[in-house]
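Q: sequence and predicted structure are below.
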Amino acid sequence: MQLVLWDIDHTLIATRGVGREIFGECFEQVTGQAMHEQATVNGMTEPVIFRETAELHGIRSDRAMFEAFAACSAERHQARAGELRRRGHALQGAAAALAAVAELGGVVQSVVTGNVRPVAEIKLGVFGLATHIQWPYGGYGEDDDERPELVRIAMRRASRGLGVHIAADDVLLVGDTPADVAAGLGNGVRVLAVASGRSSVEELHAAGATRVAAGLAPHDVLHALDR
């Protein structure tokens, strides 16, 4: 049994500014301050982005504040789903890659994402990309601050849920940032890095990805799965 773990933002979809707007709305609702700047988001998990953004505004946040923020984010993403569909888009090759993997026997697909699970489900659902995702086997922003731990959580969940031991060699992580690469390598899993976000092919090679592609294409994922 093999497990494919997908990153979401800039690997499968782009929200084209809607996500940042929602972050700002919920940040202000929870903290009482307008968001004047946002912390680095590239490859970071939502709790880290929230905490560091709060620090930029002189606010010391806690878990309760993040949970309130996460609830607001899920609510706003649902309320603005139509706008997200109009302004954002699934990245080229995403639907085809998910479908190609789904045709293989003995392969399960889930996600490792900095998003909290309700937001992850809304984002992929809006763009018709949720069909092949086994949500109970994923790792999400509410589970841990650090991406390497999210990979471990996903592997444990898949092992329990499928009733088989998912070893590092059974896992392929697909992402678009050096942080995704580090999360995979930190667990000994293969990483297909796609330069569909802000990171270049050269940066992803330098990060140590197992394979690097300029964009997401089914044949790249299938080759990365071929052991």
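A: The structure has been received and is ready for your questions.
Q: wait, A39 sits on H57?
A: No - if you go by C-beta atoms under 8 Å, A39 and H57 don't touch, sitting 10.0 Å apart. C-betas here are computed from N, CA, C, even on glycine.
Q: can you list contacts of the host helix or strand of G82?
A: Using DSSP states H and E, G82 falls within helix 81-87. Residues outside helix 81-87 that contact it (C-beta atoms under 8 Å, 6 or more residues apart in numbering) are T15, R16, G17, V18, H77, I122, K123, V126, F127.
Q: could I get these as JSON lines with pLDDT and secondary structure?
A: Output for those, formatted as JSON lines (pLDDT from 0 to 100; DSSP: H, G, I helix; E, B strand; the rest coil):
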{"residue": "T15", "pLDDT": "95", "secondary structure": "coil"}
{"residue": "R16", "pLDDT": "92", "secondary structure": "coil"}
{"residue": "G17", "pLDDT": "93", "secondary structure": "coil"}
{"residue": "V18", "pLDDT": "96", "secondary structure": "helix"}
{"residue": "H77", "pLDDT": "98", "secondary structure": "helix"}
{"residue": "I122", "pLDDT": "98", "secondary structure": "helix"}
{"residue": "K123", "pLDDT": "98", "secondary structure": "helix"}
{"residue": "V126", "pLDDT": "97", "secondary structure": "helix"}
{"residue": "F127", "pLDDT": "97", "secondary structure": "coil"}
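Q: could I get these in JSON lines, plus columns for neighbour count?
A: Formatted as JSON lines, the contacts of helix 81-87 follow (neighbours: other C-beta atoms under 10 Å):
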{"residue": "T15", "neighbour count": "22"}
{"residue": "R16", "neighbour count": "12"}
{"residue": "G17", "neighbour count": "10"}
{"residue": "V18", "neighbour count": "21"}
{"residue": "H77", "neighbour count": "25"}
{"residue": "I122", "neighbour count": "19"}
{"residue": "K123", "neighbour count": "26"}
{"residue": "V126", "neighbour count": "23"}
{"residue": "F127", "neighbour count": "19"}
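Q: which one of these is nearest to G197?
A: T15 (11.9 Å; C-beta to C-beta).
Q: how about the contacts made by that closest one?
A: D9, L84, R87, G88, K123.
Q: do that again at 6 Å, thanks
A: Going by C-beta atoms under 6 Å, 6 or more residues apart in numbering, T15 touches G88.
Q: do the same with F50
A: Residues near F50 by C-beta under 6 Å, 6+ apart: F66, F69.
Q: name the nearest residue to the residue nearest the centre of the chain, sequence neighbours excluded.
A: For the chain, the residue nearest the mean C-alpha position is T113 (2.6 Å; C-alpha atoms, centre = their mean). Distances taken as C-beta to C-beta, 6 or more residues apart in numbering put I8 closest to T113, at 4.6 Å, once the chain neighbours are dropped.
Q: done for today, thanks.
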